[in-house]
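> take this sequence and fold it.
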Amino acid sequence: MRDVAGSIVIILALAVPAGVWAQRGAKSQTKGTKSAPATKAAPQQPTTDVHCAAELGAGVKSQRQFCDVFITAEPNDSVTVTIPAHTGAATLMFDLHPRFTVANGVVDPGQAFVRYAALVAVVRPNGQVIERAAVAREYRTVQDLFDRIGGGPRPSGFKAVAPGQPEAIKVSIPAGLATVGIVGVKLEATTKDGSATHDGTGAPARPIAIVSNLRVAYTPK
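Predicted structure coming up:
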């Protein structure tokens, strides 16, 4: 009888899947231990303290405020963003638009065609470059625009200058900076008549792009 009972025990043990024994072993090893609570990152707060040397006004549809970006060595002559007291790096975010001039009335798309490639830089107060950003878009009809800006003298009430479809930009700002600037670097323009490059050489500061939706995410001190 003992031999028969022993045989039954062996058969039952073999019938239990190996995974069950592994699970039981894992449970016995982890029993009585507690996982450490996850460390929560400090919440980041947004700010939109922006100074524009040339404000264009509000978008008719988006209600965004649009600002010109100038080719200049001085951030105060273009766009500056204030970063409140914070710890660690902050993140600057904005939409970069090509700066189109819209002709009054209906114009043949082939005649109106223009392609702008604008290069801008996010800089320290002393002009040192943190990072560059670019946008390149084409314009033929008003459907290529992101928005129109109100307050113009035309019968339509729109300004001739308009923002094209944007490029979303995100830049990490080093710790210790209270302000940063956005300045123009270069504009490459292509029309039906040819191409031209503007980099500010031998010319006064000129606007080459438009920014909107500027904000900074940071961890307060």
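> residues contacting the closest residue to Ile208 other than its chain neighbours?
If the residues on either side of it in the chain are set aside, Ile208 comes closest to Leu187, at 3.9 Å by CB to CB, 6 or more residues apart in numbering. C-betas here are computed from N, CA, C, even on glycine. Counting by CB atoms under 8 Å, 6 or more residues apart in numbering, Leu187 touches 71, 116-119, 197-199, 208-209.
> need those residues in CSV with neighbour count, can you?
Below are these laid out as CSV (neighbours: other CB atoms under 10 Å):
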residue, neighbour count
Ile71, 25
Tyr116, 21
Ala117, 17
Ala118, 28
Leu119, 19
Thr197, 10
His198, 15
Asp199, 14
Ile208, 27
Ala209, 31
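> test of understanding: give the bridge partners of the residue lying closest to Ala54 once chain neighbours are set aside.
Using CB to CB, 6+ apart and skipping the chain neighbours, the partner closest in space to Ala54 is Asp68 (4.1 Å). Beta-bridge pairing of Asp68 under DSSP bridges involves Ile210.
> list the strands paired with the helix or strand containing Ala133, with their directions.
Using DSSP states H and E, the element containing Ala133 is strand 129-139. Sheet pairing of strand 129-139 (DSSP bridges) gives strand 114-123 (antiparallel).
> what does the strand it pairs with contact?
69, 75, 92, 96, 98-100, 129-139, 164, 171, 173, 180-191, 208-209.
> return the members of these classed as buried.
Buried members of these, counted by 16 or more other CB atoms under 10 Å: 69, 75, 92, 96, 98-100, 130, 133, 135, 137, 139, 164, 171, 173, 180-189, 208-209.
> which ones among those residues map onto strands?
Of these, the ones assigned to strands by DSSP state E are 69, 92, 96, 98-100, 130, 133, 135, 137, 139, 171, 173, 180-189, 208-209.
> pretty sure the residue nearest to Ala54 is touching Asp77, no?
No. Applying CB atoms under 8 Å as the test, Asp68 and Asp77 come out as separate, 10.4 Å apart.
> what is in contact with these two at once?
Common neighbours of Asp68 and Asp77 (CB under 8 Å, 6+ apart) are Ala53.
> between these two, which one's more packed in?
Asp68 (21 against 15; other CB atoms under 10 Å).
> so what's the more buried one up against?
Asp68 neighbours (CB under 8 Å, 6+ apart): 52-54, 56, 78, 99, 207, 209-210.
> out of these, which is nearest to Pro220?
Nearest to Pro220 among these, counting by CB to CB, is Cys52 at 24.8 Å.
> okay then, goodbye and thanks.
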